[in-house]
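Peer 1: Need coordinates for the following:
(chains A and B)
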Amino acid sequence: MQTDIAKPRPKIDNVSRGFWDHARAERLSVQTCAACGEKHFPGSPVCPKCLSEDQSWVPVSGRGKLLSWVRFHRAYWDSFREDLPYLVCLVGLDEGPMLVSNLVGVEPEAIAIGAEVEVVFEKVDEELTLPKFRLRG
Amino acid sequence: MNDWHKLKDRIAIVGVGNTPYGNFPEIDDYGLGARAFRSAVEDCGIEKDKIDGLLVCRVPHYARMGEILGLNPRWTIQMPPHGRMSGMAIIEAAAALDAGLCDYAALIYANIGRSRRVNYGGEESPGVWDPWGFTSPGAAHAMMFQRHRALYGTTTRQLAEVSVAFRHHACLNPAAVMKQPITIDDHEAARPITEPLRLLDYCLINDGAVCIIMTTKERAKDLKKRPVMISGIGAREAYSTSSIGNFDLNFWYDEMRDVGAQAYGMAGVGPADVDALMCYDNFSPTVLFSLEGLGFCEQGEAGAFVEGGALKLGGRLPTNTDGGHLSNSYMQGWALNIEAVRQIRGECGERQVPDAQVVQYCGATPCSRSIIYTPG
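Peer 2: Alright, predicted model coming up:
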């Protein structure tokens, strides 16, 4: 049985590239509009608030609150089968935007919605590093 | 009064039809759509060639559907294969009929997802969150229910009441796919899929088709059955977190409040007047969210509201009397709308709500909709 099946990779394009460049350098970033200051994730070709194209990926603190979480018991990709069951979290960053990621280093019994979390980085290969989250403190 | 209130009791559903529901690898979506169309034509006794409006949903191509049915309408819409489209479609058709863009509209929905092994996640529906293993609409609902639990103390045993009530109705519905009664304990023992949701929180995936024929109040008088009127409609989208498909951090509460205010205001009724509710149930938690948003209870209280079989026939709010998506058929809202029509006509046999006068369809989704039906 093949166990080393590749997991799905992000779609890296002109809009999202900055996020993945920062992640490779272990920085979490959100797209920020130079015209109005709006911060958002995922990236967008224009600012959803003012429609400006003058946007860039600006590093954030990497801290936030756990808004919700789920535990997958079904593998929608064969490559995730050996990880089952695995935890997915929804994080509200201190800077505002929400993102979905994985919660690492914790058992489900210890998870509380509203808990403080912080980013950690998991290097997949030379091109790809995934931001994940752990409970703080 | 807003202008759209002029649509109150102007447009009727005059014919409804559906195929059997199940696993039909030998027939395609056009074939199923044609059978549902023929059944709806027979239901209202219309001359087929009078139909001059065609709306298709989850059917691959409107023109091929028209060719198959021998229709050359003057109004056509094709809608994407998303679950939230049925309410949108009926409202669009009502507006087109009122504007005179067509005189008789046939709305056709077909689904072959069971026989063609549709997964609703993974490679089939690539998304931003795939690298983290987050996929599927069910996972988004699990994320919402987890939050609802934490904020309001809602329990999985309360959530089970939804699945148990709808299965009870499916057991009374000869057309339903699922026929084995279930208990709250069965729900608790079912295998987890995306925890906290379990198998019995998930809708079915089955093949089938539904057709609805609509016209104006005046034209409806010439057809076979008593028309069912569209008395209220409400609509509101929530696109700001669309990259997490099927998700809203506040359970579409504000949107459903707005939808309810529109639909009840137009129909001149309130939640207490609703004899039966047809509630979009791709996953059981959305039923709780809908009840709160529409004002059947306060936000956070739907768990307590549904306890003790409140959603069953004879309970305080009979809901999804056909068994819903969870236990009748995954017709993405379309079967719920024809169930609403059949309840008002009194055609529902063992699952009939006595003297159903006000039946409400609702769906809490990124395109939330509600329609209130009354006898014509």
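Peer 1: Give me the helices and strands touching the helix or strand hosting residue B:151, please.
Peer 2: Using DSSP states H and E, residue B:151 falls within helix B:137-152. Packing partners of helix B:137-152 (3 or more C-beta pairs under 8 Å, 6 or more residues apart in numbering or on different chains; DSSP states H and E): strand A:63-72, strand A:86-93, strand B:194-195, helix B:285-294. C-betas here are computed from N, CA, C, even on glycine.
Peer 1: go with 10 Å
Peer 2: Helix B:137-152 sits against strand A:63-72, strand A:86-93, strand A:98-102, helix B:156-171, strand B:194-195, helix B:285-294, helix B:302-306, with contacts defined as 3 or more C-beta pairs under 10 Å, 6 or more residues apart in numbering or on different chains; DSSP states H and E.
Peer 1: Strands along chain A, start to end?
Peer 2: Secondary structure of chain A by DSSP state E: the strands cover A:29-33, A:39-40, A:55-59, A:63-72, A:86-93, A:98-102, A:116-123, A:129-135.
Peer 1: same check, this time on chain B
Peer 2: With DSSP E as the criterion, chain B has strands at B:11-18, B:53-57, B:75-79, B:104-111, B:194-195, B:208-216, B:228-237, B:276-279, B:359-363, B:367-375.
Peer 1: now the closest residue to chain A within the stretch 151-300 of chain B, nearest residue through space, not along the chain?
Peer 2: For the stretch 151-300 of chain B and chain A, the shortest gap (C-beta to the nearest C-beta) falls at residue B:195, measuring 4.1 Å. Closest residue to residue B:195 apart from its sequence neighbours, by C-beta to C-beta, 6 or more residues apart in numbering or on different chains: residue A:71 at 4.1 Å.
Peer 1: hang on, isn't that neighbour packed against residue B:134?
Peer 2: No: if you go by C-beta atoms under 10 Å, residue A:71 and residue B:134 don't touch, sitting 11.5 Å apart.
Peer 1: any common contacting residues for these two?
Peer 2: Counting by C-beta atoms under 10 Å, 6 or more residues apart in numbering or on different chains, the contacts common to residue A:71 and residue B:134 are A:86, A:88, B:194.
Peer 1: coming back round to it: could you give the angle of the helix holding residue B:151 to strand A:63-72?
Peer 2: Orientation check (axes from the mean of the first three to the mean of the last three C-alpha atoms, to 10 degrees): helix B:137-152 against strand A:63-72 gives 120 degrees.
Peer 1: Tell me which residues of helix B:137-152 come out buried.
Peer 2: Buried positions in helix B:137-152, judged by neighbour count with 16 or more other C-beta atoms under 10 Å in any protein chain shown: B:137-150, B:152.
Peer 1: cool, and stretch B:29-49?
Peer 2: B:29-37, B:39-41, B:43-44, B:46.
Peer 1: Check the offset of that stretch from the chain's centre.
Peer 2: Using C-alpha atoms, centre = their mean, to the nearest Å, the mean C-alpha position of stretch B:29-49 is found 20 Å from that of the whole chain.
Peer 1: again with stretch B:141-160
Peer 2: 22 Å.
Peer 1: do the same with stretch A:87-95
Peer 2: With C-alpha atoms, centre = their mean, you get 8 Å for stretch A:87-95.
Peer 1: Then stretch B:146-161?
Peer 2: With C-alpha atoms, centre = their mean, you get 23 Å for stretch B:146-161.
Peer 1: next one: stretch A:92-110
Peer 2: 9 Å.
Peer 1: Keeping just the C-alphas, turn that stretch into CSV.
Peer 2: Taking C-alpha atoms only, stretch A:92-110 is exported to CSV below (Å, rounded to 0.1, in the frame of the first residue of the first chain):
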residue,chain,number,x,y,z
GLY,A,92,-9.9,34.8,14.6
LEU,A,93,-6.6,36.7,14.4
ASP,A,94,-6.1,39.6,16.8
GLU,A,95,-5.8,41.7,13.6
GLY,A,96,-9.3,40.7,12.5
PRO,A,97,-9.3,38.2,9.7
MET,A,98,-10.4,34.6,10.2
LEU,A,99,-8.6,31.6,8.9
VAL,A,100,-8.9,27.8,8.9
SER,A,101,-5.9,25.8,9.9
ASN,A,102,-4.9,22.8,12.0
LEU,A,103,-4.7,22.7,15.7
VAL,A,104,-1.6,20.8,16.8
GLY,A,105,-0.2,19.5,20.1
VAL,A,106,-3.4,19.2,21.9
GLU,A,107,-6.0,16.5,22.8
PRO,A,108,-9.7,17.4,22.0
GLU,A,109,-10.6,17.2,25.8
ALA,A,110,-8.3,20.2,26.4
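Peer 1: buried sites along stretch B:366-376?
Peer 2: Buried residues in stretch B:366-376, counted by 16+ other C-beta under 10 Å: B:366-374, B:376.
Peer 1: from the shared contacts of residue A:71 and residue B:134, which is closest to residue B:183?
Peer 2: Using C-beta to C-beta, residue B:194 comes nearest to residue B:183 of the shared contacts of residue A:71 and residue B:134, at 22.4 Å.
Peer 1: Next one: that closest one from residue A:75, what distance?
Peer 2: From residue B:194 across to residue A:75, the span is 11 Å (C-beta to C-beta, to the nearest Å).
Peer 1: Find residues that contact each of the two.
Peer 2: A:85, B:121.
Peer 1: For these two, indicate the residue with more neighbours.
Peer 2: For the pair residue B:194 and residue A:75, the greater number of neighbours falls to residue B:194 (30 against 17), based on other C-beta atoms under 10 Å in any protein chain shown.
Peer 1: Looks like that one contacts residue A:84 (just checking).
Peer 2: No: under the criterion of C-beta under 10 Å, residue B:194 makes no contact with residue A:84, lying 11.1 Å away.
Peer 1: hey, what's in contact with both of these two?
Peer 2: Common contacts of residue B:194 and residue A:84 (C-beta under 10 Å, 6+ apart): A:71-74.
Peer 1: Give me the buried entries from the residues you listed.
Peer 2: The neighbour count (16+ other C-beta under 10 Å) marks A:71-74 as buried among the shared contacts of residue B:194 and residue A:84.
Peer 1: Please name the residues that touch the residue nearest to the spatial centre of chain A.
Peer 2: Closest to where the C-alpha atoms of chain A average out (C-alpha atoms, centre = their mean) is residue A:101, at 4.5 Å. Residues counted as contacts of residue A:101 (C-beta under 10 Å, 6+ apart) are A:28, A:64, A:87-91, A:117, A:119-120, A:130-133, B:129, B:131-134.
Peer 1: Just list whatever residues bridge to it.
Peer 2: Residue A:101 has these beta-bridge partners by DSSP bridges: residue A:89.
Peer 1: Residue A:89 versus that one, what's the distance?
Peer 2: Distance, residue A:101 to residue A:89, using C-beta to C-beta: 6 Å.
Peer 1: hang on, the earlier thing: against residue A:74, how distant is the residue of the stretch 151-300 of chain B closest to chain A?
Peer 2: Residue B:195 is 10 Å from residue A:74, by C-beta to C-beta.
Peer 1: same thing with residue B:71?
Peer 2: Here the criterion is C-beta to C-beta. By it, residue B:71 lies 42 Å from residue A:74.
Peer 1: Send over stretch B:244-263 as PDB, restricted to the C-alpha atoms.
Peer 2: C-alpha atoms of stretch B:244-263 as PDB (Å, rounded to 0.1, in the frame of the first residue of the first chain):
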ATOM      1  CA  ILE B 244     -15.400  28.800   3.900                       C
ATOM      2  CA  GLY B 245     -18.300  27.300   2.000                       C
ATOM      3  CA  ASN B 246     -21.600  26.900   3.800                       C
ATOM      4  CA  PHE B 247     -20.400  28.700   6.900                       C
ATOM      5  CA  ASP B 248     -21.500  31.700   9.000                       C
ATOM      6  CA  LEU B 249     -20.000  32.600  12.300                       C
ATOM      7  CA  ASN B 250     -23.400  33.800  13.700                       C
ATOM      8  CA  PHE B 251     -25.400  30.900  12.100                       C
ATOM      9  CA  TRP B 252     -27.100  33.200   9.500                       C
ATOM     10  CA  TYR B 253     -29.100  34.600  12.400                       C
ATOM     11  CA  ASP B 254     -29.200  38.200  11.100                       C
ATOM     12  CA  GLU B 255     -29.900  37.000   7.600                       C
ATOM     13  CA  MET B 256     -32.800  34.700   8.700                       C
ATOM     14  CA  ARG B 257     -34.200  37.400  10.900                       C
ATOM     15  CA  ASP B 258     -34.400  39.600   7.900                       C
ATOM     16  CA  VAL B 259     -35.800  36.900   5.600                       C
ATOM     17  CA  GLY B 260     -38.400  36.100   8.200                       C
ATOM     18  CA  ALA B 261     -39.400  39.800   8.700                       C
ATOM     19  CA  GLN B 262     -39.800  40.100   4.900                       C
ATOM     20  CA  ALA B 263     -41.800  36.900   4.400                       C
END
